[in-house]
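> kindly generate the corresponding structure for this input.
(2 chains)
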Amino acid sequence: MIRFVDVHKSYRVDGKDVPALEPFSLDIADGDVFGIIGHSGAGKSTLIRLINLLERPSGGRIVIGDTDMTALPEPELRAARQRIGMIFQHFNLLASQTVAENVAFPLRIAGEKDQTAIRSRVNELLHRVGLSDHANKYPSQLSGGQKQRVGIARALANRPSILLCDEATSALDPQTTASVLDLLAEINRELKLTIVLITHEMDVVRRVCDRVAVLDAGRIVERGAVADVFLRPTHATTRRFVSEALPEEEAGANVPYQHVPGRIMRLSFRGEATWSPTLGRITRETGVDFNILAGRIDRIKDLPYGQLTLAMQGAGVDAALKALREAGIDVEELTR
Amino acid sequence: MIAAPLLQTLFPNIDDWGEMGQACIDTLLMLGGSLLLTILIGLPLGVLLFLTGKGQLHAMPKLYAALSLVVNVLRSIPFIILMIVLMPLTYVLVGTKLGIRGAIPPLVIGAAPFFARLVETALREVEQGVIEASQAMGATTWQIVRHVLLPEARASLWAGVTVTAIALVGYTAMGGAIGAGGLGDLAYRYGYLSYKSDYMVVTVLLLIVLVQLLQMVGDHIVAHYSRR
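From the prediction side, this is the model:
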């Protein structure tokens, strides 16, 4: 468990304290993939760096397991950092060292002297990230996705219990992003380590995260399970992030349905409900006509979900809505 | 000397080529000795300047300002004056003010601050993110210097060594004028004071060859270490 207890952070600029993060508390459970989403300048880089104390909080405590990180003297803090892996937007690899040497670096830092042990650990890690054939190349000879894989292998070298991802896919193209996210999900599943990632893309959160916190101007404005936040965003910032992740015509409120007769409803199915013919059954039973205006079926991490925008007509609309809600489907009426 | 007839025809006023050879050796000894010491002193000084600089791992504004001032003062004194000013200190350090030994302390004191600045600049070119990544791995400052900063900056550091070596060639020649020996001494005594311009021409040619060689070797090393 990573716990932020009444943490806040401000920077001193020209003799004045400028707040970067307003006081907040936050728990991140072991084994979770926890996303922190925010626009640039919202404070997410600061927040993730509080975990390994690359940034010191101005107040409050950061507790990992039973260890109060903020109270550790320097040598113990360094030892604790060896148990926390970190990957970066711009990879931050040693340009003068080969891939294998980059991955071996944290092992050497941690004091490993046994060359055979280092070599076998490096091979194992490179195999995991699919770069066994590139051990003796230099970072400049690799693609962005491969560089990030080296970063991941390096971050995992000392068998950390936590992996911090600082905009790890922001410099990558969509296809590479998907493969790196798959790798992160696999690592989370197989090594049972906690992943904290920051991003400005809701799609990254949707693909891999279990829980999410939305950061806006130094404040956590919304937090919860990704499915809840994604399907029922309450804060304006969250809504904007969610709509950015959706195709334009579904993006919501702005789409004009004035000319469409009937009541405009947005239905959200999740989990098993996505696969059962609930809508068909209920509309048949209540005698409601509907017209599909927009819709998608996708996944939030491993959870299938569907979202349909319908125009519903007929005397039984209210009864239908009630029945839909009872069947576990979220129904939201869109105002025109 | 070999090829003596040709040399005699070209430079009739040079009657002792052995002296010229000795001067070359002296210049190389002064250069080698002072370059080695310059690196030994300038490299740690440059690292210290970098680490204590604004926004760096061990930012210490007052120490940085003090070091910076010393470096600037030493760099702003023309070498020939520095050499004269330092004579008492030179005598204390090496027991003579003359010859190769007498030349080395002022050469090092003149060049080390220059090299330290080049080291500082080279280290600043290392990506901040790489340093941050090492910190995140729990590296100590020493580990960061030893395994990150110096290896990552080695191409620029070797470029700095090359520039410093060439500057030192110039300094040794100046030193020759006030008793350090070497090629500068020959050029000054025979070429300038005795109007034997042959000496001047040969000395200059030899210095050009030396500088060319240094630059070529330096460029070669820099190219070898460039990984970007």
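> pLDDT value on B:Leu150, please?
B:Leu150 carries a pLDDT score of 96 in this model.
> ok, now the one 5 residues further on?
As predicted, B:Ala155 sits at a pLDDT of 95.
> wait, a helix at it?
Yes: when DSSP: H, G, I helix; E, B strand; the rest coil is applied, B:Ala155 is found to be in a helix.
> would you mind confirming that it makes contact with B:Val222?
Yes: at 5.1 Å, B:Ala155 counts as touching B:Val222 under the criterion of CB atoms under 8 Å. (Each C-beta comes from the backbone N, C-alpha and C, glycine too.)
> nearest spatial neighbour of A:Thr169, skipping sequence neighbours?
Nearest-residue entry for A:Thr169: A:Thr177, 4.1 Å, with adjacent residues in sequence omitted and distances by CB to CB, 6 or more residues apart in numbering or on different chains.
> which strands and helices lie in contact with the helix or strand hosting that neighbour?
Counting by DSSP states H and E, the element that carries A:Thr177 is helix A:174-191. Helices and strands touching helix A:174-191, by 3 or more CB pairs under 8 Å, 6 or more residues apart in numbering or on different chains; DSSP states H and E, are strand A:33-38, helix A:144-156, strand A:162-166, strand A:194-199, helix A:202-208.
> run the chain-centre distance for the helix or strand bottoming out on mean pLDDT in chain B.
Ranking every helix and strand in chain B by mean pLDDT, DSSP states H and E puts helix B:4-10 at the bottom, with a mean of 76. Chain-centre distance of helix B:4-10: 34 Å, with CA atoms, centre = their mean, to the nearest Å.
> what's the answer for stretch B:131-151, then?
Remark: stretch B:131-151 is offset 28 Å from the chain centroid, using CA atoms, centre = their mean.
> which parts of the stretch 51-200 of chain A sit against chain B?
Residues of the stretch 51-200 of chain A lying close to chain B (CB under 8 Å from any CB of the partner chain) are A:52, A:54, A:77-82, A:84, A:86, A:88, A:90, A:92-97, A:105-106, A:108-110, A:138-140, A:158, A:164.
> so which residues of the chain form helices?
Looking at chain A here, since you left the chain open. Ranges of helices within chain A are A:44-51, A:74-81, A:99-109, A:115-128, A:144-156, A:174-191, A:202-208, A:226-231, A:236-244, A:278-286, A:317-326, based on DSSP state H.
> let me rephrase: I mean chain B.
Secondary structure of chain B (DSSP H): helices at B:4-10, B:17-52, B:61-76, B:79-85, B:87-94, B:99-124, B:128-136, B:141-144, B:150-152, B:154-177, B:183-186, B:197-225.
> neighbour count for B:Ala155 and B:Val222, which is higher?
B:Ala155 (21 against 18; other CB atoms under 10 Å in any protein chain shown).
> pLDDT wise, what is the nearest residue to that one once chain neighbours are set aside at?
Spatially, and ignoring its direct neighbours in sequence, B:Ala155 is nearest to B:Tyr225 (4.2 Å; CB to CB, 6+ apart). Looking at B:Tyr225, its pLDDT reads 89.
> list the contacts of B:Val145.
Counting by CB atoms under 8 Å, 6 or more residues apart in numbering or on different chains, B:Val145 makes contact with B:47, B:51.
> which parts of chain B sit against chain A?
B:127, B:129-130, B:132-140, B:143, B:147-148, B:151-152, B:154, B:225, B:227-228.
> list only buried entries from the residues you listed.
The neighbour count (16 or more other CB atoms under 10 Å in any protein chain shown) marks B:127, B:130, B:132-139, B:143, B:147-148, B:151-152, B:154, B:225, B:227 as buried among the residues of chain B next to chain A.
> circling back to that earlier point, which stretch in the helices and strands packed on helix A:174-191 has the least confidence?
Among these, helix A:202-208 scores lowest, at a mean of 92.
> for it, name the packing helices and strands.
In terms of contacts (3+ CB pairs under 8 Å, 6+ apart), helix A:202-208 is packed against strand A:33-38, helix A:174-191, strand A:194-199, helix A:226-231, helix A:236-244, strand A:289-300.
> how about these in CSV, adding mean neighbour count?
Output for those, formatted as CSV (neighbours: other CB atoms under 10 Å in any protein chain shown):
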stretch, mean neighbour count
strand A:33-38, 25
helix A:174-191, 16
strand A:194-199, 25
helix A:226-231, 22
helix A:236-244, 18
strand A:289-300, 15
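> my read: B:Tyr225 touches B:Ala159, true?
No: in terms of CB under 8 Å, B:Tyr225 does not count as a neighbour of B:Ala159; the distance is 9.4 Å.
> in contact with A:Gly224, which residues?
If a contact means CB under 8 Å, 6+ apart, then A:Gly224 has A:211-212 as its contacts.
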